[in-house]
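J.: Following is a predicted model, sequence given first.
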Amino acid sequence: MIATGKASTWVILGMAFCLPFAAAAADLKSPELVRNGLRTLAYVQDDMARKLPTRSYSRLPHENQEFQEAAVPMREAVAAEPAAFRAKVDAQLKKAQAAADAVAEVSSTGDEARITAAVQAVAGALKSLDALFPEALRPVPGQLGAGPGRGGPPPELR
Amino acid sequence: MGRAEFRPRLTRRTVLGVLALVPAGLCACARRSSPAATAAVDLLVESDGDQLAFKPNTLSCPTGARVRLTFRHTGRYVSFEHNWVLILPHSFDAVNAAALAAGEKQGWVPKGDTRILAATPLCGRGQQATIEFVAPAPGDYPFICSNPGHAESMWGVLHVTAT
């Protein structure tokens, strides 16, 4: 009896904890599009950051172009949302796009520290964008997309 | 008048001839009992929309099969280019480094690299490419997009089975 009572308390507490997130996700008109939009931006930012270890700075303007393209489905994903929320998302997305533009600008300098800081600024701007949405829709590092995850194949195959 | 009877005569030459044909017959049977040797397999793999992932990320075929693989880039927004490259196990880092060195003009695929078992050309949004190759020995083989940086998340495994 006591054990059952404890279990049900945990279930109720769990539901109470999860409900706000679920409700917030349900409130969005197109939660799946939002999830994909955020993931696509995260993928592009991730790809941009992966140019740093190989010092492939000449590819960064191209990465910026891809980032700007990835902003389009994100805007479409919130197109049906209330104007006030849409404006919030748009403002944060513009900040992220400006940060990506800055990466392209500093890429030609070859200055590792400046380029790294610029790429980190994009990551920071995306984090703020993600924060506008329910946690359930935000990209989880290491669990992007349908693939087996970031980091390449496991050691036995790598 | 007695009826003429046909009695086959088992001469030494006949017996030797038949015995000589037995190994050839056995070989033919062995070939027929290994369907993988002649099997044709069609596989389809896509990019996961605009995301850096393959869908599906696991494929399967029997060893020796003639594989006709189609890779389709289903992205709509981002101008990523992708390919599908089958590589030997334990060559992930080396192939990625070689791809980077090969450059975009070579489609991020180093020519003559024996660690690469099959590769499609680069595909842009909405494009697809089909290649044919013979499935290697049984085992698990990684496949990747060799566009630099993509393989960290855009990879999968081809399971090559014994039958």
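T.: Here it is on my side, so go on.
J.: how about A:Val44, what does it touch?
T.: A:Val44 sits next to A:63, A:66-67, A:70, B:78 when contact means CB atoms under 8 Å, 6 or more residues apart in numbering or on different chains. Just so you know, the C-beta spots here come from the backbone N, C-alpha and C atoms, and that holds for glycine as well.
J.: Centre-most residue in chain B?
T.: Nearest to the geometric centre of chain B sits B:Ala135, at 3.1 Å (CA atoms, centre = their mean).
J.: So which of the contacts of A:Val44 is the closest to A:Gly110?
T.: The closest of the contacts of A:Val44 to A:Gly110 turns out to be A:Glu63 (CB to CB; 15.7 Å).
J.: What count of nearby residues applies to the closest one?
T.: 25 (other CB atoms under 10 Å in any protein chain shown).
J.: follow-up on the earlier one: tell me which of the contacts of A:Val44 fall in helices.
T.: Counting by DSSP state H, these place A:63, A:66-67, A:70 in helices.
J.: Look through chain B and state the residue closest to chain A.
T.: B:Ala53 (3.2 Å; CB to the nearest CB).
J.: shaky segments in chain A?
T.: A:1-26, A:141-150 (pLDDT under 70).
J.: picking up where we left off before, ok, and of the ones in helices among the contacts of A:Val44, which contact chain B?
T.: Applying CB under 8 Å from any CB of the partner chain to these, one finds that A:66, A:70 fall near chain B.
J.: Can I get the buried part of the ones in helices among the contacts of A:Val44 as one PyMOL selection?
T.: This is the PyMOL syntax for the buried subset of the ones in helices among the contacts of A:Val44, where burial follows 16 or more other CB atoms under 10 Å in any protein chain shown:
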select buried, chain A and resi 63+66+67+70
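J.: from what I can see A:Ala100 touches A:Phe67, true?
T.: Yes. Between A:Ala100 and A:Phe67 there is a contact under CB atoms under 8 Å: 4.0 Å.
J.: what do these two both touch?
T.: Taking CB under 8 Å, 6+ apart as the criterion, A:Ala100 and A:Phe67 both touch A:45, A:48, A:122.
J.: excluding its backbone neighbours, what's nearest the second one?
T.: Okay, so that is A:Met48. Spatial nearest neighbour of A:Met48, excluding adjacent residues (CB to CB, 6 or more residues apart in numbering or on different chains): A:Glu63 at 4.2 Å.
J.: quick one, what contacts that neighbour?
T.: Shown in contact with A:Glu63 (CB under 8 Å, 6+ apart): A:44, A:47-48, A:51, A:100, A:103-104.
J.: rerun at 7 Å
T.: Shown in contact with A:Glu63 (CB atoms under 7 Å, 6 or more residues apart in numbering or on different chains): A:44, A:47-48, A:51.
J.: what does A:Gln92 give?
T.: For A:Gln92, the contacting residues are A:128-129, A:132, by CB under 7 Å, 6+ apart.
J.: and what of B:Ala65?
T.: With contact taken as CB under 7 Å, 6+ apart, B:Ala65 is in contact with B:36, B:39-41, B:135.
J.: quick one: which of the shared contacts of A:Ala100 and A:Phe67 is nearest chain B?
T.: Closest approach between the shared contacts of A:Ala100 and A:Phe67 and chain B, by CB to the nearest CB: A:Met48, at 8.3 Å.
J.: Please identify the buried residues of the host helix or strand of the closest one?
T.: In this structure, A:Met48 is located in helix A:31-49 according to DSSP states H and E. By neighbour count on 16+ other CB under 10 Å, the buried set for helix A:31-49 is A:31, A:33-49.
J.: Tell me where chain B has strands.
T.: B:40-48, B:51-55, B:58-62, B:66-72, B:85-87, B:116-119, B:128-134, B:139-144, B:155-161 (DSSP state E).
J.: can the longest one be found next to chain A?
T.: So that's strand B:40-48. Yes. Residues of strand B:40-48 contacting chain A under CB under 7 Å from any CB of the partner chain: B:Asp48.
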